[in-house]
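# no sequence for this one, just the structure:
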């Protein structure tokens with residue numbers, strides 16, 4: 001094939017394709033022309049590659065076709081729109097819809113922890129079962145406070161985030177076992193927290209306890225309560241699926257749990273950063289507590305602002321119908 005003749009014959013067509021590709025707006029006929037020129041230029045490139053693969057010309061036409069393809073099909077969505085929608089619609093909608101479950105879980109956890117802490121603080125026999133007087137003194141005077149500063153802040157934040165995310169994931173996925181593992185995890189965490197609070201209170205250092213726990217603990221525990229509430233809701237779907245079939249109800253709650261897990265990972269990352277950089281910092285106690293309270297208030301405002309608005313608009317926190325597919329109707 002005579003390459004010079006080939007270029008002379010078709011260069012006008014390629015120039016026209018390049019011109020249409022650069023235009024900001026196209027009319028209907030121009031769009032049709034763009035598609036046709038794109039198709040014909042693709043054939044030219046295939047011919048060149050199979051007969052006279054001139055590198056410079058092949059590169060030129062490949063670049064031109066890539067630009068034209070983007071104009072014809074539209075640029076690929078990098079996913080930012082989906083991410084934005086998840087955090088402004090899907091995630092807060094799931095939080096708001098499940099609010100009764102995790103708020104009830106929160107109230108029950110606080111009540112049980114307070115009772116166990118009071119029992120520990122006021123019952124010497126319980127304290128004696130927890131350790132020797134030397135061990136308890138070591139805990140309340142050194143270990144509890146040193147825990148937050150004995151490791152580099154960055155690595156400590158990563159470790160805290162990993163542990164808390166793992167706990168939240170366990171609460172979410174184990175809910176399918178009728179919620180029993182979720183209850184066990186909550187009881188164990190309540191007991192651990194209550195023991196520390198009770199021993200610190202008995203030693204007259206309850207102010208130190210709240211000064212170290214409150215900055216990160218408010219948001220961290222709230223995220224755990226959300227995960228536990230969603231896990232319990234999943235377990236209840238196994239027992240009482242409502243108007244749906246049991247498999248459909250479990251699938252719906254399972255998808256919501258996965259979405260909550262992704263969102264809670266971000267919430268727990270924030271609490272982990274606070275625990276690593278704010279809790280052990282030299283800031284006054286009131287300032288550290290204020291940061292924790294502000295983070296908690298922002299979370300609740302986020303749920304009740306974005307979540308309530310999304311739910312009122314018909315959002316459920318589930319994935320889109322085009323992704324999850326259709327199901328057969330069932331009788332109520």
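Received the coordinates, thanks. Because the structure is a prediction, the values reported are computed rather than measured.

# residue 241 contacts residue 248, doesn't it?
Yes: counting by C-beta atoms under 8 Å, residue 248 is a contact partner of residue 241 at 7.3 Å. Every residue, glycine included, has its C-beta placed from N, CA and C.

# pLDDT value on the spatially closest residue to residue 61 that is not a sequence neighbour, please?
Leaving out its chain neighbours, the residue that sits closest to residue 61 by C-beta to C-beta, 6 or more residues apart in numbering is residue 45, at 4.5 Å. The model reports residue 45 with a pLDDT of 84.

# what about residue 45, neighbour count?
17 (other C-beta atoms under 10 Å).

# which residues touch it?
Contacts for residue 45 (C-beta atoms under 8 Å, 6 or more residues apart in numbering) come out as 58, 61-62, 65.

# closest one of those residues to residue 160?
Residue 160 lies nearest to residue 62 out of the contacts of residue 45, by C-beta to C-beta, at 49.7 Å.

# now do the host helix or strand of that closest one: which elements does it pack against?
Assigned by DSSP states H and E, residue 62 belongs to helix 55-73. Helix 55-73 makes packing contacts with helix 3-22, helix 28-51 when contacts are defined by 3 or more C-beta pairs under 8 Å, 6 or more residues apart in numbering; DSSP states H and E.

# mind listing what's buried in the last one?
This means helix 28-51. Under the neighbour-count criterion of 16 or more other C-beta atoms under 10 Å, helix 28-51 has 34, 37-38, 41, 44-45, 48 buried.

# quick check: pLDDT value at the spatially most central residue of the chain.
Among the residues of the chain, the one closest to the centroid is residue 263, at 2.1 Å (C-alpha atoms, centre = their mean). Per-residue pLDDT puts residue 263 at 93.

# how far away from the center of its chain is stretch 145-165?
Offset of stretch 145-165 from its chain centre (C-alpha atoms, centre = their mean, to the nearest Å): 20 Å.

# got the buried residues for it?
So, applying 16+ other C-beta under 10 Å, buried residues of stretch 145-165: 145, 148, 151, 153, 156-158, 160-161, 164-165.

# give the rounded mean pLDDT of stretch 235-243.
The model assigns stretch 235-243 a mean pLDDT of 88.

# likewise stretch 140-152?
Stretch 140-152 carries an average pLDDT of 85.

# over to stretch 179-187?
94.

# ok, and what's touching that stretch?
Residues contacting stretch 179-187 (C-beta under 8 Å, 6+ apart): 105, 108-109, 112, 167, 170-171, 174-175, 228, 231-232, 234-236.

# restricted to buried residues, select these in PyMOL.
Per 16+ other C-beta under 10 Å, the buried members of the contacts of stretch 179-187 correspond to this PyMOL selection:
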select buried, resi 105+109+112+167+170+171+174+175+228+231+232+234+235+236
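
# mind picking the two most distant members of the contacts of stretch 179-187?
By the measure C-beta to C-beta, 112 and 234 form the most distant pair in these, at 21.6 Å.

# domain ranges for this protein?
3-73, 81-324 (automatic domain parsing).

# distance between the longest one and the chain's centre?
Domain 81-324 has its average C-alpha position 14 Å from the chain's average C-alpha position, going by C-alpha atoms, centre = their mean.

# just give me the longest helix of this structure.
helix 206-239 (DSSP state H).

# give the buried residues for that helix.
Neighbour-count burial for helix 206-239, counted by 16+ other C-beta under 10 Å, picks out 206, 208-209, 211-238.

# again, but for stretch 252-266
Neighbour-count burial for stretch 252-266, with 16+ other C-beta under 10 Å as criterion, is recorded at 252-257, 259-261, 263-264.

# let's have the helices and strands packed on helix 55-73 in a markdown table, adding distance to residue 124.
Shown next, in a markdown table, are the helices and strands packed on helix 55-73 (distance: least, C-beta to C-beta, whole Å):
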| stretch | distance to residue 124 |
| --- | --- |
| helix 3-22 | 83 |
| helix 28-51 | 85 |
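
# for residue 298, which of those is the nearest?
helix 3-22 (45.6 Å).

# contacts only, for the residue lying closest to residue 217 once chain neighbours are set aside.
Nearest non-adjacent residue to residue 217, counting by C-beta to C-beta, 6+ apart: residue 292, 7.0 Å away. For residue 292, the contacting residues are 214-219, 274, 278, by C-beta under 8 Å, 6+ apart.

# what do you get for residue 97?
Taking C-beta under 8 Å, 6+ apart as the contact definition, residue 97 lies against 256, 307, 311, 316-317.

# got a quick PyMOL command for the buried subset of the residues you listed?
Buried subset of the contacts of residue 97, written as a PyMOL selection, criterion 16+ other C-beta under 10 Å:
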select buried, resi 256+307+311+317
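
# put together a markdown table for the contacts of residue 97, with pLDDT and secondary structure on each row.
Listed next are these as a markdown table, based on pLDDT from 0 to 100; DSSP: H, G, I helix; E, B strand; the rest coil:
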| residue | pLDDT | secondary structure |
| --- | --- | --- |
| 256 | 82 | helix |
| 307 | 94 | helix |
| 311 | 92 | helix |
| 316 | 78 | coil |
| 317 | 75 | coil |
